[in-house]
Every structure is written in C-alpha cells, then in structure tokens.
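# structure for this input, please:
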Amino acid sequence: MQYIDYTMEVKKCTLFLCVLLCLPFVLQAQRQREKKLIEEQVTAIRNNPEYLSAVGVGESMEEADRQALAALSSQITVCVSSQLDVQTSVEQSTDNFSKTDRVNSQIQTYSMTNLSNVKRIEISEEPEAQVLRYMRADEVDQLFKDREDKIKNYAKMGMAQEARMQIADALRYYSWALTLLLSHPRDASIVFDLPDGIRMSAKPWLDSKINEILGGITVKVVDAEEHKDAECPYTLLLNISYRDYPVSNLDYYYHNGQTYIGPISAKDGRGVADFYEYPQDFRFRCEYNFRSQAENLDRELRAVLNHIKPQHFPTATKTVVLDTKIKKLQKEAQKARQTDQAVEMVSTGNVASVVETAQQEEILRVQEAVSAPPTQESLLTGCMQQVEQAIRDKNYEAIRSLFTEEGYSMFEQLIAYGNANIIAPPKYRFIQVEDGYLCKSIPMQFKFRNNKTLVEDVTFRFTTENKINSLAFTLNRIAENDILKMKSWEEDSRISLIRFLEDYQTAYALKRLDYIESIFSEDAWIITGTVLKKAELKTEDRISFDSRNVRYTTYTKKEYIDKLRISFAGKEYINLRFEDNDVLKDARGQEIYAIQIKQDYYSNNYGDTGYLTLLVDLRGELPIIHIRVWQEQKDEEFSAARFLSSLQ
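Now for the predicted structure:
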C-alpha cells in the first residue's frame, strides 16, 4: 500500500514538472496569437476608409499616446478643412491664419480632451511602445454637435441668470459660450432659438449680450477712507451696478497709476480701490473671461483656452471720474448715512434680484421684528466702536476683554485671513436672538498675494452677557433675502438658517476644521457627483433614493475631513459665496432643512462654481449636516424638495 502511494506521488510530481516546463511555450504561443490578432485588427482599421486613425511611437505608453493623438488631430483637420466651403464667421483680427491653420487650432481643443468616441489600442509594450488612436469618420460631426449643445446650454444658463439680475454669472456663461464658439469649425451655422420664436446666429447674439452687460455696468465712487500710515493711504469705496441693481459677485481690476490691481471680488455691488495719491480718475476693467473658474470646472473649456485666443471686449474697460475732492466726498457720504440712505445700495433692501413687492415688505417686516431694543443697541454700538477702532489701529489686544475666549480666537483667525482693513464707516444693525445678539456688520477688505482682494461684511455675535463669542462673513443680499422672504416660517427659524449658512461659509474661509468636523454627522453622505447611496440618519429620519447609473464619488466623514485638511494646507485663502437658494423646511414643523444653493468657490490655486445641497438638522445646540452633495450643474435628483419628500 505504501509502495502504491509512493508511485502515485511520483507521477503527480512528474506531471507537475512537465506542466511547468511546457508553460513558457504555451504562454509564448498565446502571446503570439494575441499579437497577431492585434496586428490584424490594427491593419483592418488602418485600411478601412470609414475610420480615421493614427499610430504613435515612444519609449513610454504616454509618449506614444500623445504622438497618436497629435497625428489623429491632423487627420481630423484635413477632413474638416476639405468639408468647409466658406470661411467661418469668426475673424481673428490680430492673427492672419489660413483656413487650415484655424481649423487645426480648433481641432486641437478636441484632441487634447479625453473623448469617449476616440478609441485606443496598445500595439506593443515599452520601451518600444506603439499606440493606435482611431475613431469613425462619421463621428467627427458628433464631436462638433456635442460642443454645439454645450454652447447652447451655456447661453441658456446665461439668460436664466440675467433674468434674475445675477449679472456677473450671466456674463460668465455668455463668455464661456463665446469661447467655445470660437473653437467650433462651423460656428457660422450655429443658431440660437430664443424666446418668442426668434432665431439668431450665435456669434452676433453673444457679442451683443456681452457688450450689453459690460456697457450697462456703472461704477461710482461714493466714499473715501484715508489711512495716513498705509502704503496706499487712499481707499475709495465703489458702488458697482447694472441698471440700478448692485452687481453681486463681480471680479474686477483697476489701474492705480502704475499697474492694474486685481482681481478684486465685489460683494453686493460694493468694491474698493486703493491709491498712493487721491486720483482725479482711474481705469476700471471688468473680468469677463473667468479663466481660472473655467479651467477647474470644465475640462473642455480648459483645452479650448489653451489653444484659442479669447475675444477682446473694449467695453469691459471704463474710466471712473472723481468730480469731488476727498473731504467733500466724505462729507456727502456722512450726510447720506445720517439720513438713513446708506452708502451700500443693498442696505435698504434694494437687492440685486427681482423681488416681489409683497416679499420685499415681508423682508422689511422681519428685519424690524427681530431688531434689538434701543437700549441694547446703544450698549452694543459702544462695543463695536471699540472693535472698529482697534482694527483701524491694528491694536487688537486692547479689545480682548470684549470677547469670550472662543470669540477672540476666531477674531485672531479673521485678522490673519488677509491684510484686513475697514473700507467704510459701518452702519450697524442689531438683531435679537435666543442666545444673544447679532451685529451686522463691519465692511472690510482682505488683501492677499498677487493683488487678490476680497470685500466682505463681518457679523459679530454677542452673548446675553454682551461678550463677542463668534463672528462670520455675512451672506450676500440675494441669499439672505431668499430666506427672509419665507413668510410661512417663524422669524427665529429664518435667522437660524441664515446663521448656519454664514457659519458654514466662514468655517471654510478660516479653515476651522474642528468646527466643520463637529457639524457633520458620523454617518453623513458626503458626495461629489450625481448618485446617492444609503446612509444612516435617526430612525425617524431615514432617506431613500432610487439608484441611477451615473458616475459619483462618495466619502466617509473621516475621508472628507482628511481631504479638507490637505486642501486647506495648500491654500493661502478660501472664499465661498452663496446665492440662488432653494430652501425647504420639514413639513412636520421640525427644524430640519433641505438647501440647494449655488456656491462660488475661490482660492489662490483653485476655483469653481456649482450647486451645493445640504440636509441639516438645527434642532440641537450645534447644527448637524446629514447630507452634503456638490454638483457642477443643478440637478432635480438632488433638489431640496426631493430630499424632504424622501424623509420617512
């Protein structure tokens, strides 16, 4: 029996050794068959007139792929050029391109992106890598059709923002539509279907809209601050408007007599300009290309901007004339404040959006209802005047006693946020809340490297003992009024939601990771994309969504906080701007809110615009965020109504 077992083991070992010896030959034969199949496939594609194809060679796969894409681009250029019988409408006045040169430059904007209909075959391995790139010849038209659809979509988004008097956003979308149009080989044939059955050629229509907006923006100097010990001792306060509405989030540059300074981000129609000497006039230039946002938000736009020269609009530059001396200007501004005609256009409720009369009356009623008593206003005004003077003198230690420990820590973070200055005498408004008082607000500017300047209003929050325990950047008037006009809500609910959004945007600006971590539920959905998957809320507050077959990225709370920690470390500054709110409250009357809001994100090395959706519970001492979704475009799948309707 033992002999038989030994013999069987020998046979098994012998068989195993034979397999090992034969395996290299089998694998080699398999590789030869695979190589032959690839060669046959490549030959068939290369010889088929229904395909455009090119082979790239390089020491690495990446190099070979680049060579193949470049060669394929040349083939597409020849294909498109042969189809164009007439010169396209766009004229490059400074560049004497031939038709083929122009088309080649335009095609480069396609080939440098990851196009889904451009296929790839790896022919041979490194270090003698070969890559085939190919596509069906009849799919070239689909490339152009996809871009045409994007051009029309951006134009449509611009019209929607213009209707809301969100002029900076309208300008951005019109400009991006035009930039993409300049990259389209068949731009002359693109027509927009406008309201009332009107059809217009895209190029002249976009030109007229951009010129109309830029030409309609007016800039007026309404006050001046003098800082005798500063490098630029004269600060001018600007009102920036379009058809008498303040422009909410315009970026601009101004010439200080030596060079253009900027970009500067205006807020609620208010901007600033600093000068070495009090000027008689100066040049002011509106930003209309929005390159940094385009490059981060849209990969296709980034490719276009790398190859196509944006169109120049002379109407973006204006000359602002100062027809009064500084003392007279300051006197007029003081008189306006004393007669309750605040320098800021928005402080009276005249906001940069079309608000119904009834809604405007409700906003003013709420503001009056939540006002602090006159005796309390007098006391808090005295505190704020000390804060104001300390900021002007940069003597911050002198006011430490006015703060709680946490409040002074936040104040130090604020002062460290940028080179901080007050840009105009504040006009304070005090609001009584359950846990104390809110003071709105001190208008400030924050300067960073590379001439970047942000204008912000800073709200100070007082305890019932009249100590400042926190501060925040205020919402702009569009976002704030979208909440204040909600007549069916209690006044306290509206103020609480405004405070939450102010705290949220300020926490990111001041990089308060501890606060951000504290307000996210341990089981929060934190998602970038367009798909949700199940999360745990309270038992009575479960949410369910239908699955959708789209791309998404989801993070645990820890992953998201770790991601923020790395992001914060690499940024000099962060600034969030909210507007275009869609806010709903839980139908059961609980302090649970679903918010879908447009967010503009700015930093020194990144910027984007998208829609932020939050489901937040304000029933506790701290707000708790259960869902956070960010998307490039507004999506009804993640609307505030859908979030609340899914509560079970």
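
# got the contact list for the residue nearest to Phe578 when sequence neighbours are not counted?
Sequence neighbours aside, Ala479 is the residue nearest to Phe578 in space, at 4.5 Å (criterion: CB to CB, 6 or more residues apart in numbering). Every residue, glycine included, has its C-beta placed from N, CA and C. Going by CB atoms under 8 Å, 6 or more residues apart in numbering, Ala479 touches Leu501, Phe578, Glu579, Asp580, Asn581, Ile597.

# walk me through the domains of the chain.
For the chain, automatic domain parsing gives the domain ranges 1-39, 40-141, 355-474, 488-648.

# and which of the contacts of Ala479 is nearest Lys318?
Closest approach between those and Lys318, by CB to CB: Glu579, at 24.6 Å.

# surely that closest one meets Ser248?
Yes: counting by CB atoms under 8 Å, Glu579 touches Ser248, with 6.3 Å between them.

# related to what we said a few turns ago, of all the contacts of Ala479, which two lie farthest apart?
Top of the distance list for the contacts of Ala479 (CB to CB): Leu501 and Asp580, 12.7 Å.

# can you list residues touching both of those two?
By CB under 8 Å, 6+ apart, the residues touching both Leu501 and Asp580 are Ala479, Ile597.

# who's more crowded, these two?
Leu501 (26 against 19; other CB atoms under 10 Å).

# mind listing what's buried in the helix or strand containing that one?
According to DSSP states H and E, Leu501 maps onto helix 491-509. Neighbour counts using 16 or more other CB atoms under 10 Å place 493-509 of helix 491-509 among the buried residues.

# can you give me the end-to-end distance of stretch 213-231?
34 Å (CA to CA, to the nearest Å).

# can you classify Asp523 by secondary structure?
strand (DSSP: H, G, I helix; E, B strand; the rest coil).

# next, count neighbours for it.
13.

# can you give me the strands in the stretch 251-400 of the chain?
Counting by DSSP state E, counting those that start in this stretch, the stretch 251-400 of the chain has strands at residues 251-255, 260-265, 270-275, 281-286, 317-321.

# which among those strands is found nearest to Ile519?
It's strand 260-265; of the strands of the stretch 251-400 of the chain, that one is closest to Ile519 (CB to CB) at 25.7 Å.

# same for that closest one, what does it pack against?
Counting contacts by 3 or more CB pairs under 8 Å, 6 or more residues apart in numbering; DSSP states H and E, strand 260-265 packs against strand 251-255, strand 270-275, strand 281-286, strand 453-462.

# how about 7 Å then?
strand 251-255, strand 453-462 (3 or more CB pairs under 7 Å, 6 or more residues apart in numbering; DSSP states H and E).

# among those strands, which is nearest Asp617?
strand 453-462 (20.6 Å).

# who touches the helix or strand that the closest one is followed by?
Heading C-terminal from strand 453-462, the first helix or strand you meet, by DSSP H and E, is strand 468-473. With CB atoms under 7 Å, 6 or more residues apart in numbering as the test, strand 468-473 has contacts from 402-404, 406-407, 410-411, 414, 456, 458-463, 502-503, 505-506, 509.

# what do you get if the cut-off is 6 Å, keeping everything else the same?
Residues from elsewhere that reach strand 468-473 (CB atoms under 6 Å, 6 or more residues apart in numbering): 402-404, 407, 410, 456, 458-463, 502-503, 505-506.

# same question, stretch 599-608
292-293, 296-297, 571-578, 609, 612.

# pull out the buried residues from that stretch.
Buried positions in stretch 599-608, judged by neighbour count with 16+ other CB under 10 Å: Gln599, Asp600, Tyr601, Tyr602, Ser603, Asn604, Gly607, Asp608.

# after the helix or strand of the chain with the lowest mean pLDDT, which helix or strand is next?
The weakest-scoring helix or strand in the chain, judged by mean pLDDT, DSSP states H and E, is helix 99-111 (a mean of 59). Once the chain leaves helix 99-111, the next helix or strand it forms, by DSSP H and E, is strand 119-124.

# buried residues, that following strand. List them.
Ile121, Ile123.

# distance from the chain centre to it, please.
Relative to the chain's own centre, strand 119-124 is displaced by 37 Å; criterion: CA atoms, centre = their mean, to the nearest Å.

# stretch 426-441 now?
Relative to its chain's centre, stretch 426-441 lies at 30 Å (CA atoms, centre = their mean).

# re the thing from before, which one of the domains of the chain lies nearest to Asn153?
Among the domains of the chain, if distance is taken as CB to CB, the winner is domain 488-648, at 8.7 Å.

# mean confidence score for the closest one?
Taken as a whole, domain 488-648 has an average pLDDT of 79.

# do the same with stretch 441-457
Here the average pLDDT along stretch 441-457 is 88.

# contacts for that stretch, please.
So stretch 441-457 is contacted by 261-262, 264-267, 270, 272, 417-424, 426, 458-459, 473-474, 572-573, 575 (CB under 6 Å, 6+ apart).

# next one: stretch 148-160
Stretch 148-160 is contacted from outside by Ala170, Tyr173, Tyr174, Trp176, Ala177, Leu180, Leu181, Ile190, Phe192, using CB under 6 Å, 6+ apart.

# just the ones of those residues in strands?
Phe192 (DSSP state E).

# can you say which of the contacts of stretch 599-608 are buried?
Counted by 16+ other CB under 10 Å, the contacts of stretch 599-608 give Ser292, Gln293, Asn296, Leu297, Tyr573, Ile574, Asn575, Leu576, Arg577, Phe578, Thr609, Leu612 as buried.

# host element of the closest residue in space to the third one that isn't next to it in sequence?
Translated: Asn296. Excluding the flanking residues, the one nearest Asn296 by CB to CB, 6+ apart is Asp608, at 4.8 Å. Using DSSP H and E, Asp608 sits within strand 607-617.

# C-alpha coordinates for that strand, PDB please?
Extracted in PDB, the C-alpha atoms of strand 607-617 (Å, rounded to 0.1, in the frame of the first residue of the first chain):
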ATOM      1  CA  GLY A 607     -11.900  78.000  -8.200                       C
ATOM      2  CA  ASP A 608     -15.200  76.600  -9.300                       C
ATOM      3  CA  THR A 609     -19.000  77.200  -9.400                       C
ATOM      4  CA  GLY A 610     -21.500  74.600  -8.700                       C
ATOM      5  CA  TYR A 611     -24.600  73.600  -6.600                       C
ATOM      6  CA  LEU A 612     -24.300  72.600  -3.000                       C
ATOM      7  CA  THR A 613     -27.100  70.500  -1.500                       C
ATOM      8  CA  LEU A 614     -27.300  70.100   2.300                       C
ATOM      9  CA  LEU A 615     -29.700  68.400   4.600                       C
ATOM     10  CA  VAL A 616     -29.200  70.000   8.000                       C
ATOM     11  CA  ASP A 617     -30.800  69.400  11.400                       C
END
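
# do you know how far Tyr611 is from Asn469?
32 Å (CB to CB, to the nearest Å).

# same deal with Ala641?
35 Å.

# next one: Glu212
When Glu212 is compared with Asn469 (using CB to CB), they lie 47 Å apart.

# these two: who's more crowded?
Asn469 (18 against 13).

# any idea what Asn575 is bridged to?
Legend: beta-bridge partners of Asn575 under DSSP bridges are Tyr602.

# OK, contacts around it?
Leu454, Ala509, Tyr602.

# ok, Cys439 next?
Leu380, Met384, Tyr428, Phe430, Phe460.

# helices of the stretch 251-400 of the chain, start to end?
291-297, 299-305, 326-338, 357-369, 374-393 (DSSP state H, counting those that start in this stretch).

# least reliable of the ones you listed by average pLDDT, please.
Taking the mean pLDDT of the helices of the stretch 251-400 of the chain, helix 326-338 comes last: a mean of 68.

# thanks again, I'm all set now.
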